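Engineer: My questions are about this predicted structure, shown below with the sequence.
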Amino acid sequence: MREEKENRNTSFDVSNKSNLRTQIDSHTTLTPDEHTSNQPDNQLRSGLLGWYAACSSQLLKEGQLYFFSMYNEPLVLYRDKDKKAKCIKDLCPHRGASFQGGQIKDGNIVCPYHGARFSTEGECTNLERITCQHIVDSNYNNYAKKIHLYQYPCIEVDGYIYIYYTGSAKTNVQDFSIKTDLSNHVPETFGFKPKEYAFEEVCVDFKCDWARIIENHLDILHIFWVHGDTIPDKDVNRKVITSFNQKIKRDERFIESKYNHKQPSKGEFITITFVPPGRIFIYKGSPESARYVQVLDHIPLGRNRSRVIVRHYRKFLKNKLLTKLVLFKSLQHRIFYRIFSEDYMVLKTQTFNQQMGYIQKDNVKLLGEDKMVQYYWGWFQNSLQKDNPWSLHPTNEHTNKVHEEMPMLYPPENPTLDDKNNREILIQTIIRLLIPVILIVQGVLVFNSNKDMDNSLLNQGVSSLTSKLQE
């Protein structure tokens, strides 16, 4: 096993990535604080608080509310009148109601309790607040202007909606002290440009500890044993499970592990990169030339409630008509759902064993390929102690469970979308099989129709000739 240590600047230089910087700057004027540390240069600087890809652009529909949570804190995403994504605490400051059942009108978010309407329009240029414009009637208009929603910094880049989560929402987004650069998290930083790829995306929900899901995605060997019958690759199955040579790279921004076959002729198997607090890149070869790049974003909704956004970028089969014809999207979704269902029982039981205190240092025997997992858990335990995110919005046995009881939306916890996807595959397959039959039947009918027409004309001609001969 070989380990490489790199010294790099804390703030990634994006001066040569003008498009990315323009996108970021156009959404916010926030800038990272100058940040120094006595940590070694090969130690991750980000903790459990910071930038999360909390939602994908395609999930945040205009005129709709997207509810989720972070470390038990209920949050809402929506688009304002300029279609700009906003992330607010799910709390109306008038009487403490949720925005569940509320609506978006002309880009303003409306509370379902008294109709309080909140807008991003404001008179102060140095403030970025979401202010109440109207409640009940005009007698309260002056009062309304003193009511502001609590929010988090929110930026939309490359089809992802990122929030800067600290656990302490503020009425003025300019009051946040940004300690990590968003550019450290975006795909372009790691060598590939999303616009050069097509992609399929799913969200998956789990009732288990989110940190265990990240560990699972850093584990290379289980792919052969657990998913060998599902992943469409003849070289990945239980019969060929094998150990790998591993080369690890660590710096202050990420941990990267490159796995190579023991046989030099086979070369690289896969590369996995962990970017804290919740993003993982998986690809083969260099990111610039990789035929596919998988990006996984892990969101800690609450205790035993987690969400993962899975995006599979590819440089092949990019023609939209062809992919639609072969049902590529639906088939990809079926594979994704099946893979995560295969992981689910392992993740739930690991979570239980961890919470019971059964997974202690003396009870865990790591393999050589688990080195990245070891580094990850070292970072996680240190960050957990330093940031203590679960203490920000703690619950107890007396806490109302309304948010925990809301149904999780996606497989494997909720099979509704998986069932719908399978039905769609069946229906579309039947339609595609019937099309040739329908065309053949139509061809036969047309042929017979033409034949009957020819026979009718022939009979008419014979009759006419016979009549003339008789005359």
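Structural biologist: Received the coordinates, thanks. The structure presented is a predicted model; accordingly, all values stated were derived computationally and were not measured.

Engineer: Would you double-check that residue 273 falls in a strand?
Structural biologist: Yes - using DSSP: H, G, I helix; E, B strand; the rest coil, the assignment for residue 273 is a strand.

Engineer: Residues contacting stretch 388-395, please?
Structural biologist: 48-49, 71-73, 167-168, 300, 302-303 (C-beta atoms under 8 Å, 6 or more residues apart in numbering). Any C-beta I mention is one placed from the backbone N, CA and C, and that applies to glycine too.

Engineer: Serialize those residues to JSON lines and add fields for distance to residue 120, secondary structure and pLDDT.
Structural biologist: Putting the contacts of stretch 388-395 into JSON lines (distance: C-beta to C-beta, whole Å; DSSP: H, G, I helix; E, B strand; the rest coil; pLDDT from 0 to 100) gives the following:
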{"residue": "48", "distance to residue 120": "29", "secondary structure": "coil", "pLDDT": "97"}
{"residue": "49", "distance to residue 120": "25", "secondary structure": "coil", "pLDDT": "97"}
{"residue": "71", "distance to residue 120": "26", "secondary structure": "coil", "pLDDT": "97"}
{"residue": "72", "distance to residue 120": "27", "secondary structure": "coil", "pLDDT": "96"}
{"residue": "73", "distance to residue 120": "21", "secondary structure": "strand", "pLDDT": "97"}
{"residue": "167", "distance to residue 120": "23", "secondary structure": "coil", "pLDDT": "97"}
{"residue": "168", "distance to residue 120": "21", "secondary structure": "coil", "pLDDT": "97"}
{"residue": "300", "distance to residue 120": "27", "secondary structure": "strand", "pLDDT": "98"}
{"residue": "302", "distance to residue 120": "28", "secondary structure": "strand", "pLDDT": "95"}
{"residue": "303", "distance to residue 120": "33", "secondary structure": "coil", "pLDDT": "90"}
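
Engineer: now those: which count as buried?
Structural biologist: Among the contacts of stretch 388-395, those scoring as buried are 48-49, 71-73, 167, 300, 302-303 (criterion: 16 or more other C-beta atoms under 10 Å).

Engineer: And those residues, which two are furthest apart?
Structural biologist: Distances among those were taken as C-beta to C-beta; the most separated pair is 49 and 303, at 17.0 Å.

Engineer: middle-most residue in this protein, spatially?
Structural biologist: residue 309 (2.1 Å; C-alpha atoms, centre = their mean).

Engineer: my guess is that one contacts residue 279, does it?
Structural biologist: No - Residue 309 lies out of contact with residue 279 (C-beta atoms under 8 Å); the separation is 9.5 Å.

Engineer: Next, show the common contact partners of those two.
Structural biologist: What both residue 309 and residue 279 touch, as defined by C-beta under 8 Å, 6+ apart, is the set 53, 295-297.

Engineer: quick one: the strands in the stretch 101-250 of the chain?
Structural biologist: 103-105, 108-110, 117-119, 131-134, 151-152, 154-157, 160-165, 198-206, 244-250 (DSSP state E, counting those that start in this stretch).

Engineer: Relative to residue 420, which of these is closest?
Structural biologist: strand 198-206 (12.4 Å).

Engineer: Output the contacting helices and strands for the closest one.
Structural biologist: Secondary-structure packing of strand 198-206 (3 or more C-beta pairs under 8 Å, 6 or more residues apart in numbering; DSSP states H and E): strand 305-314, helix 328-355.

Engineer: hey, which of these is tucked in deepest?
Structural biologist: Mean neighbours per residue, mean count of other C-beta atoms under 10 Å, is largest over those for strand 305-314, with a mean of 22.

Engineer: So in that sheet, which strands flank that one, and in what orientation?
Structural biologist: strand 198-206 (antiparallel), strand 292-302 (antiparallel) (DSSP bridges).

Engineer: Dump the ones you listed into TSV; add distance to residue 437 as well.
Structural biologist: Putting the strands paired with strand 305-314 into TSV (distance: least, C-beta to C-beta, whole Å) gives the following:
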stretch	distance to residue 437
strand 198-206	30
strand 292-302	36
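
Engineer: Would you tell me which of those gets closest to residue 100?
Structural biologist: Among those, strand 292-302 comes nearest to residue 100, with 15.4 Å by C-beta to C-beta.

Engineer: Run a quick neighbour tally on residue 250.
Structural biologist: Neighbour count for residue 250, taken as other C-beta atoms under 10 Å: 22.

Engineer: And it, how close does it get to residue 45?
Structural biologist: 12 Å (C-beta to C-beta, to the nearest Å).

Engineer: Just the closest of the shared contacts of residue 309 and residue 279 to residue 342, please.
Structural biologist: residue 296 (15.5 Å).

Engineer: closest to residue 92 out of the strands paired with strand 305-314?
Structural biologist: Nearest to residue 92, of the strands paired with strand 305-314 and by C-beta to C-beta, is strand 292-302 at 21.0 Å.

Engineer: any idea of the angle that closest one forms with helix 328-355?
Structural biologist: With axes from the mean of the first three to the mean of the last three C-alpha atoms, to 10 degrees applied, the angle from strand 292-302 to helix 328-355 works out at 50 degrees.

Engineer: Would you mark the buried spots in strand 292-302?
Structural biologist: Going by neighbour count (16+ other C-beta under 10 Å), the buried part of strand 292-302 is 293-302.
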